[in-house]
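Trainee: Have a look at this prediction, sequence included:
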Amino acid sequence: MNKILIADYGMGNLGSIKNMLKRIGAEVEITSSPKAISECKKLILPGVGAFDVAMDKINSSGIGEALNHVRKEGSHILGICLGMQLLTLHSEEGDCEGLGWFNATTVKFNFDGKGLSEDLKIPHMGWNRISINPAFEGKEQVKILQNIPDPKRFYFVHSYRVVASSPDEVLCTTMYGEEFVSGIQKNNTMGVQFHPEKSHKYGMALLTNFLRL
């Protein structure tokens, strides 16, 4: 198993993710060094906060260049929550372009005029289920979601969601008023909208899968 690096660009639950990884026996390091990031084999891109602020920090620190390099080298990368949204082309939350690794955009939840329950609050917060894209079932891409107890439940906190233009990049979906993309994957790069570090045995299983890739 390779060491997991957590990219520190000033926004994210770094300590919580590190503690969960240590619980499953991972060797883990939090780093803001573009050099260390560019040389790693396994990386987590966390994120909590605003999309444009995050991208500005990533680009101004040199981490953006390192991320693009390590992705091209084929390292395994996992974006969590805002970290997943940063993998898209852009977001309604600000004017900055994202990393653009997925043919997807990030938009705010909007239930106006859809006749949905008034109980639907924004942000979407709490436990919810994921459904694996049937096109991925039994394939290599679903390794990250293997051996997770059913129903697969994770903890969410987000006001924005990813809209994917390429169905073959959608790893899993979740229902909250309407179906939304809760996981994406392309080659060795993946992202999840939920927080595995807050998802108890389900999150531990997912991070164990990532460790073993």
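Mentor: Ah, there it is. Numbering: from 1, shown residues only.
Trainee: switch to C-alpha atoms for all contacts and neighbour counts from now on
Mentor: Noted.
Trainee: packing partners for the longest strand seen in the chain?
Mentor: For the chain, the strand with the greatest residue count under DSSP state E is strand 178-186. The contact analysis (3 or more C-alpha pairs under 8 Å, 6 or more residues apart in numbering; DSSP states H and E) places strand 178-186 against strand 160-164, strand 170-176, strand 189-192.
Trainee: give me the low-pLDDT residue ranges for this protein?
Mentor: Along the chain, segments meeting pLDDT under 70 span 1, 115-118, 137-141.
Trainee: Next SSE downstream of the helix or strand containing residue 71?
Mentor: Element membership for residue 71 (DSSP states H and E) is helix 63-72. Using DSSP H and E, the helix or strand that follows helix 63-72 in sequence is strand 76-80.
Trainee: which residues touch that next one?
Mentor: 41-47, 71, 84-87, 188-196, 213 (C-alpha atoms under 8 Å, 6 or more residues apart in numbering).
Trainee: just to revisit the earlier point, show me what the helix holding residue 71 is packed against.
Mentor: helix 34-39.
Trainee: please redo it, this time with the cut-off set to 10 Å
Mentor: Packed against helix 63-72, as judged by 3 or more C-alpha pairs under 10 Å, 6 or more residues apart in numbering; DSSP states H and E, are the following elements: helix 34-39, strand 42-45, helix 51-61, strand 76-80.
Trainee: can you give me how far it is from the chain middle?
Mentor: Put simply, helix 63-72 sits 16 Å off its chain's centre (C-alpha atoms, centre = their mean, to the nearest Å).
Trainee: so that helix versus strand 76-80, what angle?
Mentor: Angle of helix 63-72 versus strand 76-80, following axes from the mean of the first three to the mean of the last three C-alpha atoms, to 10 degrees, is 130 degrees.
Trainee: can you list contacts of helix 63-72?
Mentor: If you take C-alpha atoms under 10 Å, 6 or more residues apart in numbering as the criterion, helix 63-72 is touched by 7-9, 32-43, 45, 55-59, 73, 75-77, 98-101, 187-189.
Trainee: if we can go back for a sec, and the angle for the longest strand of the chain with strand 76-80?
Mentor: Using the same axes, to 10 degrees: strand 178-186 against strand 76-80 is 160 degrees.
Trainee: Could you list the alpha-carbon positions for strand 178-186 in PDB?
Mentor: The C-alpha trace of strand 178-186 is given here as PDB (Å, rounded to 0.1, in the frame of the first residue of the first chain):
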ATOM      1  CA  GLU A 178     -34.300  14.800  -7.600                       C
ATOM      2  CA  GLU A 179     -31.400  12.600  -8.600                       C
ATOM      3  CA  PHE A 180     -28.000  14.200  -8.500                       C
ATOM      4  CA  VAL A 181     -24.500  13.000  -9.100                       C
ATOM      5  CA  SER A 182     -22.800  12.000  -5.900                       C
ATOM      6  CA  GLY A 183     -19.700  10.300  -7.400                       C
ATOM      7  CA  ILE A 184     -17.600  10.700 -10.600                       C
ATOM      8  CA  GLN A 185     -14.700   8.700 -12.000                       C
ATOM      9  CA  LYS A 186     -12.500   8.700 -15.000                       C
END
